[in-house]
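Asks: Pasting the sequence and the predicted coordinates here, then a few questions.
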Amino acid sequence: MWLSGGAGTGKTTIAHTIANRLMKAPQVLLSSFFFPSRFDHTRNSTASLAPTIAYQLCTRSPILCKSISNAIDNDQDIFTRSLTSQFQSLIVDPLHDFATVGLLTSPALIVIDGLDEFIDQGPLPELVDLLTTSVTKRYMVARVLVLSRTNSTIGDILTALASRKKVSQLPLEIFYPAKDIKRYLADNLARLKAKHTTTGTWPSGDVDILDTMFKKSSGMFIYATTAIDYLDSESPSLGPYSQRLRNLLSIQAPITRGPFKELDSLYSYIVLSVKNVDTVLSTVRFSCHYPDLSFDQIRHVLGVDMDTMQDLLPPLGGLVTLRPSHGTTAIRFHSSFAEYLLDHERSQALFTDFGLDQAQYLTRFLHALSGEHITEIIFSYLILN
């Protein structure tokens, strides 16, 4: 099954909800894989797809895990093989053996979110063929749920298959999320009002406030969640909570812009409302171009001290977060925010041009060589370029 939808429509939230609920059902063989962003080079390729799915299947059944382990022992170069070979050896064959002895009472479920986030789109036809033939049809060992945007390479492939009834498509567009968005905004605005009325005068007219916020969301959940995250930020530099709400309500989106005009206006307002906006933009742009670098490496290259960096990011609310990654801390942001920054028509003065930024970044890398992370920074720059 293919669950399709535009940016910010809640595909990843749905995938996480399904995965989390089924994880609590021990009788269900479940494996899920999430591609976080096309700007995160650590996981936006097919290289780790089959190994990750196989590992997660291992955690659900010791018997199945032994079969997968035997496959690895029999071919210790399996992780260098083609995607087809990896899927066949690590997933299809073990599940088929599992079913043959009567231990697979119902097909396993594989959830894959964000296939449109691949930088290298080349392997996608091979992957789709695998998922629609060997895994689901030929051996009937698994059901696959794929979530992606419609207007993408994977979207084109799946649309063609859906038209021939080889893939079941469930477009989120037919479930206009108006009711859910309005309920989300109503619940959270009520929560914020109860939480913060003691710290300032909350604007009057709850119905008008809700209607205005709902209209601005333009059917996109990402607008609603971003606005609430900003209003709920603990950063004192953003001013009183009531004033933040008044400011958001007063944002005027350009009349001539496209379908993202309200979201773009919100992004622009949040970024420009923080202190030291130039340092914030440098940090976000740098992280956007070099997502493999850790928070500490980026801070070091940009010459920003730790206290300043930690003070800069919280005011951005949910736009930019710090998350554990491979034993260190990485800067992460929603893919729609990165796309906004890399689209000149949408971000205007905040636009980040990789070509123009490259010389500046090289200068910063060279300047940082006098510091304490010389080897790591040289290695990172060479690998990423």
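Replies: Everything's here; your move.

Asks: okay, how far is it across stretch 133-152, tip to tip?
Replies: Using CA to CA, to the nearest Å, one end of stretch 133-152 lies 22 Å from the other.

Asks: Out of the helices and strands in the protein, which is least certain?
Replies: The weakest-scoring helix or strand in the chain, judged by mean pLDDT, DSSP states H and E, is helix 374-384 (a mean of 50).

Asks: So what does the residue lying farthest from the centre of the chain have for phi and psi?
Replies: What lies farthest from the middle of the chain is V101; by CA atoms, centre = their mean that is 38.6 Å. Dihedral pair for V101: phi -90, psi 10, per degrees, to the nearest 10.

Asks: A108 too?
Replies: Main-chain torsions, A108, degrees, to the nearest 10: phi -70, psi 160.

Asks: what's near enough to touch the closest residue to it other than its chain neighbours?
Replies: In space, A108 comes closest to L29 once its chain neighbours are excluded; the distance is 3.6 Å by CB to CB, 6 or more residues apart in numbering. (Each C-beta comes from the backbone N, C-alpha and C, glycine too.) L29 makes contact with L57, R60, S61, L64, L95, L104, A108, L109, A142, according to CB atoms under 8 Å, 6 or more residues apart in numbering.

Asks: Burial check on P26, number of neighbours?
Replies: Number of residues near P26 (other CB atoms under 10 Å) recorded here: 10.

Asks: Number the residues from 136 up from this point.
Replies: Shifting the count to begin at 136 puts that one at P161.

Asks: Show residues contacting stretch 314-328.
Replies: Residues from elsewhere that reach stretch 314-328 (CB under 8 Å, 6+ apart): 337, 341, 344-345, 348-349, 352, 354-356, 359-360, 363, 366-367, 376, 380.

Asks: Mark which of those residues are buried, thanks.
Replies: Listed as buried from these are 337, 344, 348-349, 352, 354-356, 359-360, 363, 366-367, 376, 380; burial here means 16 or more other CB atoms under 10 Å.

Asks: which stretches of this structure form strands?
Replies: 137-139, 165-169, 243-248, 277-283, 304-306, 455-460, 463-468 (DSSP state E).

Asks: is it possible to export these to a markdown table including distance to D413 and mean neighbour count?
Replies: Below are the strands of the chain laid out as a markdown table (distance: least, CB to CB, whole Å; neighbours: other CB atoms under 10 Å):
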| stretch | distance to D413 | mean neighbour count |
| --- | --- | --- |
| strand 137-139 | 39 | 23 |
| strand 165-169 | 33 | 20 |
| strand 243-248 | 35 | 22 |
| strand 277-283 | 35 | 21 |
| strand 304-306 | 41 | 15 |
| strand 455-460 | 15 | 14 |
| strand 463-468 | 17 | 19 |
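
Asks: T267 is nearest to which of the ones you listed?
Replies: strand 277-283 (8.0 Å; CB to CB).

Asks: neighbouring contacts of that closest one?
Replies: Counting by CB under 8 Å, 6+ apart, 136-140, 146-147, 149-150, 153, 164, 226, 230, 242-251, 266, 270-271, 289-290, 293 sit against strand 277-283.
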